[in-house]
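Undergrad: Give me coordinates for this.
(one chain, ligands or ions: 1)
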Amino acid sequence: MTLNDELRELTRQARAWVEWLRDSGVDEHACEGDLLASLDAPQPRKRPAAPARAPQGARAPEPITPRAALPDRPATAEARQARLTVLADEVAQCTKCRLHEGRTQTVFSRGNPETELMFVGEGPGFEEDRQGLPFVGPAGQLLDKMIAAMGYARDEVYICNAVKCRPPNNRKPEPDEVAACKPYLDEQLALVDPKMIVSLGATGVQALLGTTLGITRLRGTWKTVKGRYPLMPTFHPAYLLRQPEKKREVWNDLQEVMRRMGKAPPPKRGKA
Ligand code: SF4
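TA: Next comes the predicted model:
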């Protein structure tokens with residue numbers, strides 16, 4: 001083996017180790033950017049496998065939900081879109097929980113499934129149930145402003161809810177309703193495979209993490225979904241319509257997402 005071959009093999013092992021750590025969600029901060037960027041030119045991403053020996057000083061992995069827990073993801077955008085269309089049709093026929101009784105129609109998603117950023121809310125309201133699209137009422141208009149402030153076009157991100165049918169009188173979905181709808185959310189997540197998730201309100205983050213903690217406790221701190229996806233929980237735009245003084249906290253959360261995404265903060269008012 002030549003010196004070049006040995007260097008290439010060492011690089012391959014280091015890359016596999018870093019990717020494995022990152023995909024396991026073990027230390028998402030330490031695994032980002034610097035080390036991978038210092039290695040050679042990007043290579044096609046393979047199913048991460050732990051190398052035989054860890055580099056000195058690396059932390060031992062903690063048990064965490066493996067990537068394999070997600071449904072398989074088709075290889076092409078066309079195949080993923082086709083599967084999402086079939087899934088939306090399945091949802092439209094769904095009667096797995098009592099929420100189907102009062103719906104006008106199911107509300108599956110809006111936006112671009114080939115995005116880097118996914119938003120997960122609670123459930124459809126009156127206007128969403130009428131139009132069949134999530135976040136199109138007053139709360140949706142506020143969400144659109146939040147998305148624009150982050151530097152994304154309205155339909156550049158993917159938006160869905162924890163439950164796909166409107167709860168009566170806009171009540172909070174019950175845990176059994178969220179659980180019944182969860183496989184659809186799981187598959188949407190696997191098909192979109194975003195870089196990051198922002199959850200809006202308590203139900204979204206509770207569905208994603210399987211926790212019963214409230215949004216006030218969870219908001220503003222990074223979590224990891226399925227051992228793979230960084231998640232920033234924040235308040236629901238509908239709550240902000242009632243409590244506008246909370247907008248500052250939400251903006252701080254969104255700026256944190258932008259920072260981690262490597263997006264520049266928007267210019268301050270009055271500056272070009
Ligand atoms: Fe099915 Fe979800 Fe609608 Fe319940 S909320 S009926 S699980 S699509």
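
Undergrad: Can you get me a residue count around V107?
TA: Counted with other CB atoms under 10 Å, residues neighbouring V107 total 29. Quick note: C-beta positions are derived from backbone N, CA and C, even for glycine.

Undergrad: what does the stretch 1-150 of the chain have sitting close to the ligand?
TA: 91, 94-97, 99-100, 106 (CB under 6 Å from any ligand atom).

Undergrad: The same query, at a cut-off of 8 Å, please.
TA: Proximity of the stretch 1-150 of the chain to the ligand is confined to 91, 94-100, 103, 106, 123 under the rule CB under 8 Å from any ligand atom.

Undergrad: Would you mind checking the residues you listed for buried ones?
TA: Applying 16 or more other CB atoms under 10 Å to those, the neighbour count classes 91, 94, 97, 99-100, 103, 106, 123 as buried.

Undergrad: From these, pick the one nearest P194.
TA: V91 (19.4 Å; CB to CB).

Undergrad: Could you confirm that closest one falls within a helix?
TA: Yes: secondary structure of V91 (DSSP: H, G, I helix; E, B strand; the rest coil): part of a helix.

Undergrad: before we move on, the earlier item: quickly check the buried ones among the residues of the stretch 1-150 of the chain next to the ligand for the two that are furthest apart.
TA: Most distant of these, by CB to CB, are C94 and G123, 13.5 Å apart.

Undergrad: Common neighbours of those two, please.
TA: Both C94 and G123 are contacted by 164-165, under the criterion CB atoms under 8 Å, 6 or more residues apart in numbering.

Undergrad: just the helices in the chain please.
TA: Ranges of helices in the chain, per DSSP state H, are 3-23, 34-38, 77-92, 126-131, 138-149, 175-192, 202-209, 215-218, 237-242, 247-261.

Undergrad: Which one, of those helices, ends up nearest to Y229?
TA: Comparing the helices of the chain by CB to CB, helix 175-192 comes nearest, at 7.0 Å.

Undergrad: Around the ligand, which positions in the stretch 151-272 of the chain sit nearby?
TA: Residues of the stretch 151-272 of the chain lying near the ligand (CB under 8 Å from any ligand atom): 163-165, 173, 177, 180-181, 184.

Undergrad: With distance to T212 and pLDDT as new columns, can these be given to me in JSON lines?
TA: Output for those, formatted as JSON lines (distance: CB to CB, whole Å; pLDDT from 0 to 100):
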{"residue": "V163", "distance to T212": "16", "pLDDT": "98"}
{"residue": "K164", "distance to T212": "21", "pLDDT": "98"}
{"residue": "C165", "distance to T212": "22", "pLDDT": "98"}
{"residue": "P173", "distance to T212": "13", "pLDDT": "97"}
{"residue": "E177", "distance to T212": "15", "pLDDT": "98"}
{"residue": "A180", "distance to T212": "17", "pLDDT": "98"}
{"residue": "C181", "distance to T212": "17", "pLDDT": "98"}
{"residue": "Y184", "distance to T212": "21", "pLDDT": "98"}
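
Undergrad: Out of those, which is nearest to F235?
TA: P173 (17.1 Å).

Undergrad: contacting residues for the closest one?
TA: Neighbours of P173 in contact, by CB under 8 Å, 6+ apart: 99, 122-123, 162-163, 167, 181, 203.

Undergrad: which of these has the most neighbours?
TA: Busiest of these [other CB under 10 Å] is V163, holding 29 neighbours.

Undergrad: Contact partners for that one?
TA: 97, 99, 122-124, 173, 177-178, 181, 203.

Undergrad: Repeat that for D176.
TA: C97.
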